[in-house]
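*Asks:* got a structure for you, letters missing:
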């Protein structure tokens, strides 16, 4: 394999802080396997900043063998100069350095418009959570803790390079979207002006109806045509948004199907690394398909015209338990229903609300078998319903963040998901004029509370139910 040329810059400062400390360890994957990785982008430039020459040489040599272009600096001043000069794709930055430490270097990088968007990954032996928080507050995107595993640092580099490219792509898309929005706004402004002109014309025609009847009829037809075109345009936009999301699932299903066929038919002809790559492809396609389905659900939640009926939540919950029986059995879970009311609502939304909260309790389980308790308290104008689990809990500072769309507090490989479920619950509850929140104790339990209005107080939430029919 041809190695990429290294951009080498050394500043031989005092190495006493890390002298003699080798901090690279190898996992089971060999260097040969990593060198053959096809997904490495050969043009990516990595700037390594460390005051220990041995560490620079070892990590530089390894990243070159992985196909990266490497630039190195042994102190903060050199690092800042290198970053502005070559504009690397990512920076590996040691924290403990003489003179200017890693935090100061990162702060200066983020203050420079030319280098502020370069991802910074800290390399440190520090384990204090306050130091890690400080690094993230200064603009760092990740930490690699010493001793460093070679395979881990390459994986993290690739991940953040991919995220950086995705962000750049999204910025371009946002620019295009802004241009489209401007065009649409201009069009809408023209339509408003046209509508105003038509209104003025109608007033004039009314005053001269006796002598200009024919012109008035023609003007009305024009207005009707414009309104019809606007209505059709809005309907087409809604259909377009749905079709785009829906049609994305077709190629994903094909991708998953052919990946499975490849694994089945060529299993004996491929090595373990190829099988691993196939597994990565299948998992990524499955996550993308789940994300698209959740996005479709999210876009429709609380928007369509609905009929609200009397819904016995006890019967709704019985069906949910049947649907989740495999998941409940797999986790040896116990669902305890103490009391549930009958409410006026859309039955599909109530099923989705309760199922999301129960599934959340099963997913974020602790060491003990999951126990989920569902209860209701009758308040003067509303029902207060709670769903309590005995799982890992949620830190207080994240009690609001968990309801934001795409917000995740845990790695995908530990707790898979899209970060949409709780936001959907919030949209459903707020549609009925209710509120939803969580109270939690770390390592012990989380209790999700939500309110729904009683039937006799539905009229007080009229602004939330204007598009609904109550039967």
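*Replies:* Perfect, I can see it now. Only a predicted model underlies this, so the values are computations on that prediction, with no experimental measurement involved.
*Asks:* end-to-end on stretch 391-399?
*Replies:* End-to-end distance for stretch 391-399, by C-alpha to C-alpha, to the nearest Å: 15 Å.
*Asks:* That one: which residues count as buried?
*Replies:* The neighbour-count check on stretch 391-399 (16 or more other C-beta atoms under 10 Å) flags 391-394 as buried. Bear in mind the C-beta positions are built from the backbone N, C-alpha and C, glycine included.
*Asks:* Mind pulling the model confidence for the nearest residue to residue 209 once chain neighbours are set aside?
*Replies:* Nearest residue to residue 209, sequence neighbours excluded (C-beta to C-beta, 6 or more residues apart in numbering): residue 216, at 6.3 Å. As predicted, residue 216 sits at a pLDDT of 81.
*Asks:* And residue 216, how far from residue 225?
*Replies:* For residue 216, the distance to residue 225 equals 15 Å [C-beta to C-beta, to the nearest Å].
*Asks:* likewise residue 382?
*Replies:* From residue 382 to residue 225 the distance is 48 Å (C-beta to C-beta).
*Asks:* These two: which is more packed in?
*Replies:* It is residue 382, of residue 382 and residue 225, that has more neighbours when counted by other C-beta atoms under 10 Å, with 22 against 10.
*Asks:* phi, psi of that one?
*Replies:* phi -150, psi 170 (degrees, to the nearest 10).
*Asks:* tell me the contacts of it?
*Replies:* 434, 451-454, 457 (C-beta atoms under 8 Å, 6 or more residues apart in numbering).
*Asks:* how many other residues sit next to the residue nearest to it when sequence neighbours are not counted?
*Replies:* Closest residue to residue 382 apart from its sequence neighbours, by C-beta to C-beta, 6+ apart: residue 451 at 4.6 Å. The tally of other residues near residue 451 (other C-beta under 10 Å) stands at 18.
*Asks:* Pick out whichever of the buried residues of stretch 391-399 sits closest to residue 139.
*Replies:* Closest to residue 139 out of these is residue 394 (25.9 Å), distances taken as C-beta to C-beta.
*Asks:* Stretch 208-223: how far from the chain's middle?
*Replies:* Relative to the chain's own centre, stretch 208-223 is displaced by 55 Å; criterion: C-alpha atoms, centre = their mean, to the nearest Å.
*Asks:* Where do the strands of the stretch 201-350 of the chain begin and end?
*Replies:* With DSSP state E, counting those that start in this stretch as the criterion, the stretch 201-350 of the chain has strands at 306-312, 334-337, 342-345.
*Asks:* Single out the most deeply packed of these.
*Replies:* Each of the strands of the stretch 201-350 of the chain was scored by mean neighbour count; the highest is strand 342-345, a mean of 21, by mean count of other C-beta atoms under 10 Å.
*Asks:* what's that one packed up against?
*Replies:* Under the contact criterion of 3 or more C-beta pairs under 8 Å, 6 or more residues apart in numbering; DSSP states H and E, strand 342-345 touches strand 306-312.
*Asks:* Would you tell me what the next helix or strand after the helix or strand residue 70 falls within is?
*Replies:* Assigned by DSSP states H and E, residue 70 belongs to strand 69-73. Where DSSP H and E defines the elements, the next helix or strand beyond strand 69-73 is helix 76-86.
*Asks:* Residues in contact with that following helix: which ones?
*Replies:* Contact with helix 76-86 is made by 7, 9, 11, 45, 47, 49, 71, 73, 88, 91, 93, 97, 99-102, 104-105, 108-109, 112, 114-115, 118, as judged by C-beta under 8 Å, 6+ apart.
*Asks:* picking that back up, and the angle for the strand holding residue 70 with helix 76-86?
*Replies:* If you take axes from the mean of the first three to the mean of the last three C-alpha atoms, to 10 degrees, strand 69-73 sits at 150 degrees to helix 76-86.
*Asks:* Mind naming the longest helix for this protein?
*Replies:* In the chain, taking DSSP state H as the definition, the longest helix is helix 150-207.
*Asks:* Just name whatever secondary elements that helix is in contact with.
*Replies:* Using 3+ C-beta pairs under 8 Å, 6+ apart: helix 150-207 touches helix 31-35, helix 53-65, strand 90-94, strand 120-124, strand 142-145, helix 213-247.
*Asks:* Name the residues of the fourth one that come out as buried.
*Replies:* By that I understand strand 120-124. 120-124.
*Asks:* Can you tell me the element residue 383 falls in?
*Replies:* Using DSSP H and E, residue 383 sits in strand 382-389.
*Asks:* pLDDT weak spots in the chain?
*Replies:* 1-43, 126-127, 230-250, 252, 267, 283-307, 405-419, 459-471 (pLDDT under 70).
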